[in-house]
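> I need the structure of the sequence given here:
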Amino acid sequence: MGNIVTTIKRFLSNKNTITILGVLLGIVVLYIGYNYRVDQAVETVMVPYAKQTITATSEITQDMISTVEVLNSFVSSRENLIVQTGQLINTTNPMCVTYGTSVPSGGFFYSEQVVSCNSMPNSILDDMPDGYTTFSMSVDIHSTYGNSMYPGDYIDLYVRMSNYDGKIIFGKLIESIEIRDVRDNQGVSVFLTSTAREPAELLFAVPTAEAEGEKDLFWLLNIATEINGLELVPVPKNASYSMNPGETQVSSNYLERIIRDYAQTIPDETTNNSGTIDNNTNNNTTTE
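Residues are numbered from 1 along each chain as shown. Below is the predicted model:
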């Protein structure tokens, strides 16, 4: 027994033996690692894709999707890729394609493209606070930066005009105002169809004189559109501006005063039940 132990010790103390064992161990590790990487590379998973083009606000149904086998490495490199059909088809909570996008035929689904249908407004008037109304602003393909402004985006509204001396005035009038819809010259939402449409108006929800504690932005913006030589300019911001919107408010008292100087105050006249006209202290205005 002692001779065997001595022989083993001599064998292991030999430098050549250690080198050979180290090489063999390295080969084993490389072999195991290589096979693991190969298995990972060729492993596949079933991923849902669109069998047809699905436009914005459309409900995703079973007949619109199918599945295809793709490499797991493709899936793991795209964290927002939807990999389960159950994330798209839900009988109790139907899913829709969100505003401002569409899923092309043959395309995969990503989490930012899909939203619960129940959370999407059915019209511009849905979820509008009391005392608010709709303001429509004329635009075109150029002023919307190639139709890159979407419902739900928060933007700023600037004023461009010349003063009495002919000098250019350009400044921010309204900050952090939400786009409720983008429509073409026929009143169709440009992001609700699969055909290309050019924007003609941006729709906003703004407070009126009846909104408690709010400035009458409806009046202010409508007066601004009636002033000759004054142009309202929509200015988009980055994604974080829309994700973390601030209060919608007048940004420049100076510009507000300029717009008010173009308007004349008139009394608000109403007819009471006796047929006579009462004048109250509320002030409406009209442009000169």
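> give me the number of residues near V75?
As a burial measure, the neighbour count of V75 was computed by other C-beta atoms under 10 Å and equals 17. For the C-beta atoms, the positions are set from N, CA and C on the backbone; glycine is no exception.
> wait, Y262
15.
> from I227, how far off is it?
5 Å (C-beta to C-beta, to the nearest Å).
> same thing with V233?
14 Å.
> what do you get for V75?
For V75, the distance to I227 equals 56 Å [C-beta to C-beta].
> now R197
Distance, R197 to I227, by C-beta to C-beta: 29 Å.
> check N93 too.
Distance from N93 to I227, by C-beta to C-beta: 48 Å.
> how about the helices in the stretch 1-150 of the chain?
If you assign secondary structure with DSSP state H, counting those that start in this stretch, the helices in the stretch 1-150 of the chain sit at 2-13, 15-42, 72-76.
> those: lowest mean pLDDT?
Ranked by mean pLDDT, those bottom out at helix 2-13, with a mean of 59.
> residue ranges with poor pLDDT in the chain?
Residues of the chain that meet the criterion pLDDT under 70 lie in 1-18, 20-24, 28-29, 31-42, 100, 120-126, 192-195, 268-288.
> per-domain residue ranges of this protein.
44-119, 132-287 (automatic domain parsing).
> gap between the last one and the chain center?
Spelled out, it's domain 132-287. Distance of domain 132-287 from the chain centroid (C-alpha atoms, centre = their mean, to the nearest Å) equals 21 Å.
> which strand runs longest in this structure?
Once the chain is assigned using DSSP state E, the strand that runs over the most residues is strand 168-183.
> neighbour-wise, which of N93 and I227 wins?
Using other C-beta under 10 Å as the criterion, N93 and I227 rank with I227 on top: 18 against 9.
> the more buried one contacts R260, doesn't it?
No. I227 is beyond contact range of R260, at 10.7 Å (criterion: C-beta atoms under 8 Å).
> list residues touching both of these two?
Shared between the contact lists of I227 and R260 (criterion: C-beta atoms under 8 Å, 6 or more residues apart in numbering) there are no residues.
> element containing the closest residue to E231 other than its chain neighbours?
In space, and not counting its chain neighbours, E231 is closest to R160: 4.5 Å by C-beta to C-beta, 6 or more residues apart in numbering. According to DSSP states H and E, R160 maps onto strand 154-162.
> who touches that strand?
Contacts to strand 154-162, defined as C-beta under 8 Å, 6+ apart, come from residues 137, 149, 168-179, 221, 224, 227, 229-237, 241-242, 245, 251-252, 255, 258-259.
> give the buried residues for stretch 43-63.
Neighbour counts using 16 or more other C-beta atoms under 10 Å place 47-50, 54, 56-58, 60 of stretch 43-63 among the buried residues.
> same question but for stretch 79-98, I mixed them up
Applying a neighbour-count criterion of 16+ other C-beta under 10 Å, one finds 81-83, 85, 88, 95-98 buried in stretch 79-98.
> contact partners for V235?
The neighbours of V235, taking C-beta under 8 Å, 6+ apart as the test, are 155-158, 172.
> so which residues of the stretch 1-150 of the chain form strands?
For the stretch 1-150 of the chain, strands defined by DSSP state E, counting those that start in this stretch occupy the ranges 44-50, 65-71, 95-97, 114-116, 132-138.
> tell me the strands beside the fourth one, with direction?
For strand 114-116, sheet partners with direction are given as strand 95-97 (antiparallel), following DSSP bridges.
> swap in the second one?
According to DSSP bridges, strand 65-71 forms sheet pairs with strand 44-50 (antiparallel).
> re earlier: show me how to select, in PyMOL, the buried members of the contacts of V235.
To isolate the buried ones among the contacts of V235 in PyMOL, judged by 16+ other C-beta under 10 Å, type:
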select buried, resi 155+156+157+158
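> and the contacts of V235 as TSV, adding distance to V114?
TSV is the format used below for the contacts of V235 (distance: C-beta to C-beta, whole Å):
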residue	distance to V114
I155	24
D156	29
L157	31
Y158	34
K172	34
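> how about residues contacting stretch 244-261?
The set of residues external to stretch 244-261 that reach it, using C-beta under 8 Å, 6+ apart, is 154, 156, 159, 161, 169, 171-178, 206, 215, 217, 220, 223-224, 227, 230, 285.
> can you flag the buried ones in the residues you listed?
Neighbour counting with 16+ other C-beta under 10 Å marks 154, 156, 159, 161, 173-178, 206, 215, 217, 220, 223-224, 227, 230, 285 as buried within the contacts of stretch 244-261.
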